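>>> my questions concern the predicted model and sequence given below.
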Amino acid sequence: MRFTLDTHTHTIASGHAYNTIDEMAVYAAGYGVTHLAITDHAPKMPGSAGVLYFSNMGIIPRKKYGVNIYMGCEVNIMDYDGRIDLSEYGLKGCDVVIASLHIPCIKPGSIEQNTKALINAMDNPYVNIIGHPDDSRYPVDYEQLVRAAGEKHVLLELNNTSLSPTGPRQGAYDNDVTMLKLCKEAGVCISIGSDAHIKESICDFDRAYKVIEEVGFPKELIVNSNTELYESYIGKRQ
């Protein structure tokens, strides 16, 4: 199994990543990546880009060095009501929007509070993917989360970086197994994102593949296997 679509990556615009858009695209082309989503952090992440960066992304070519590019953002969920840190003015410039819980932006709450924050964020019609919902610092009710994702046509992410033993997120492997088993039972689609903050991590899904194999998760429920399926989930929902 080797996917050539990466749904979650970052450039220097995020403030703590290390390559430009062109550097990412050149590396991706050389590695055989065909589709690349660039999803830089939204304004409330320290050091990241402002709203004008996202609103102006229409000027960026959507094909570079033979790689199809999706320009988007990873917005920060700011409270348990699911409010995010990018206005519609910025969201309109994005092809894809990931919504995530990040320590610099929201303090971890109870299972009920964290679950409510993620599900309420799904109600924003611009939100397409819930990023790394696998961190035990933000415990969630996976049955509720998977049910809501299916109902609202929002993807849940299997994040390769979360699974790194040296990363800050906790308990990701067990949480991902739980989430994927529920998604498999309910027929809910997922995305796999590298969460690359440097070009060499693009389409690095080795840890994610191990979870997929353990669960026996079906390829047809992974949007990375089918760009048309991925594109049916992104953009503003009506």
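Perfect, thanks for sending it.
>>> quick one: average confidence on stretch 134-146?
In this model, stretch 134-146 carries a mean pLDDT of 98.
>>> could I have the CA atoms of that stretch written out in PDB?
Only the C-alpha atoms of stretch 134-146 are listed here, as PDB (Å, rounded to 0.1, in the frame of the first residue of the first chain):
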ATOM      1  CA  ASP A 134      -6.100  10.900  18.600                       C
ATOM      2  CA  ASP A 135      -4.300  12.800  21.300                       C
ATOM      3  CA  SER A 136      -5.000  11.500  24.800                       C
ATOM      4  CA  ARG A 137      -4.300  15.000  26.200                       C
ATOM      5  CA  TYR A 138      -7.700  15.800  24.500                       C
ATOM      6  CA  PRO A 139      -9.800  12.600  25.300                       C
ATOM      7  CA  VAL A 140     -12.900  12.200  23.200                       C
ATOM      8  CA  ASP A 141     -15.900   9.900  22.800                       C
ATOM      9  CA  TYR A 142     -15.100   8.200  19.600                       C
ATOM     10  CA  GLU A 143     -18.500   6.700  19.100                       C
ATOM     11  CA  GLN A 144     -20.000  10.200  19.100                       C
ATOM     12  CA  LEU A 145     -17.200  11.600  17.000                       C
ATOM     13  CA  VAL A 146     -17.500   8.900  14.300                       C
END
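>>> just the buried residues of the helix ranked longest in the chain, please?
Ordering each helix of the chain by length in residues (DSSP state H) puts helix 172-186 first. Across helix 172-186, burial judged by 16 or more other C-beta atoms under 10 Å covers Ala172, Asn175, Asp176, Thr178, Met179, Leu180, Lys181, Leu182, Cys183, Lys184. To be clear about C-beta, it is placed using only N, CA and C from the backbone, and glycine gets the same treatment.
>>> and the first one, how far from Arg83?
If you measure Ala172 against Arg83 using C-beta to C-beta, to the nearest Å, the figure is 25 Å.
>>> what does the second one give?
Applying C-beta to C-beta, one obtains 24 Å for the distance of Asn175 from Arg83.
>>> what comes into contact with stretch 100-109?
Here stretch 100-109 makes contact (C-beta atoms under 8 Å, 6 or more residues apart in numbering) with 44-46, 74-80, 85, 114, 117-118, 130-133, 135, 137-139, 168.
>>> what of stretch 227-238?
Residues outside stretch 227-238 that contact it (C-beta under 8 Å, 6+ apart) are 5, 7, 34-35, 68, 70, 72, 91-92, 95-97, 125-126, 128-129, 153-155, 189, 191, 223-224.
>>> for Ala208, which non-adjacent residue is closest in space?
Leaving aside its chain neighbours, Ala208 sits nearest to Asn160 (4.5 Å; criterion: C-beta to C-beta, 6 or more residues apart in numbering).
>>> run through the residues that contact the one you found.
Here Asn160 is in contact with Ile192, Gly193, Ser194, Asp195, Ser201, Asp204, Phe205, Asp206, Arg207, Ala208 (criterion: C-beta under 8 Å, 6+ apart).
>>> so who does the fifth one touch?
For Ser201, the set of contacting residues under the criterion of C-beta under 8 Å, 6+ apart consists of Thr9, Asn160, Thr161, Ser194, Asp195.
>>> nice, that's everything, thank you.
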